[in-house]
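Colleague: Fold the following and give me the result.
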Amino acid sequence: MIVVSNTSPINNLAAIGQLSLLQQIYGQIVIPNAVYQELTNIPVAGTIEVITFEWIEKREATNSTLEF
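Modeller: Numbering: from 1, shown residues only. Predicted coordinates:
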């Protein structure tokens, strides 16, 4: 299963020392480049983790058009 995360779950779980829950539940997490930038431009909870954890993968969003 591919799980794509936005900034909030990573930031909030890292802030309380529970980011590993995402890995325990889903294994691998994919974050879009924009999320990576939000978490690494200014040091916040989760910055070091998204840079160093191998189970958090950064990918370019390939389909950014949302149609209703």
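Colleague: C-alpha from now on. contacts and neighbour counts both.
Modeller: Will do.
Colleague: And the helix or strand containing residue 11, what does it pack against?
Modeller: If you go by DSSP states H and E, residue 11 is part of helix 7-15. Helix 7-15 makes packing contacts with helix 33-40 when contacts are defined by 3 or more CA pairs under 8 Å, 6 or more residues apart in numbering; DSSP states H and E.
Colleague: who does the helix or strand following the helix it packs on touch, helix- and strand-wise?
Modeller: Scanning forward in sequence from helix 33-40, with DSSP H and E defining helices and strands, the next element found is helix 47-52. Packed against helix 47-52 by the contact rule (3+ CA pairs under 8 Å, 6+ apart) you find helix 33-40.
Colleague: So which bits of the helix it packs on are buried?
Modeller: Within helix 33-40, the residues that count as buried by 16 or more other CA atoms under 10 Å are 35, 36, 39, 40.
Colleague: For the residues you listed, give me JSON lines that also has pLDDT and distance to residue 7.
Modeller: Converted to JSON lines, the buried residues of helix 33-40 look like this (pLDDT from 0 to 100; distance: CA to CA, whole Å):
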{"residue": "35", "pLDDT": "93", "distance to residue 7": "6"}
{"residue": "36", "pLDDT": "95", "distance to residue 7": "8"}
{"residue": "39", "pLDDT": "94", "distance to residue 7": "7"}
{"residue": "40", "pLDDT": "95", "distance to residue 7": "11"}
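Colleague: ok, so of the residues you listed, who is nearest residue 55?
Modeller: For residue 55, the nearest member of these is residue 36. The distance, counting by CA to CA, is 13.6 Å.
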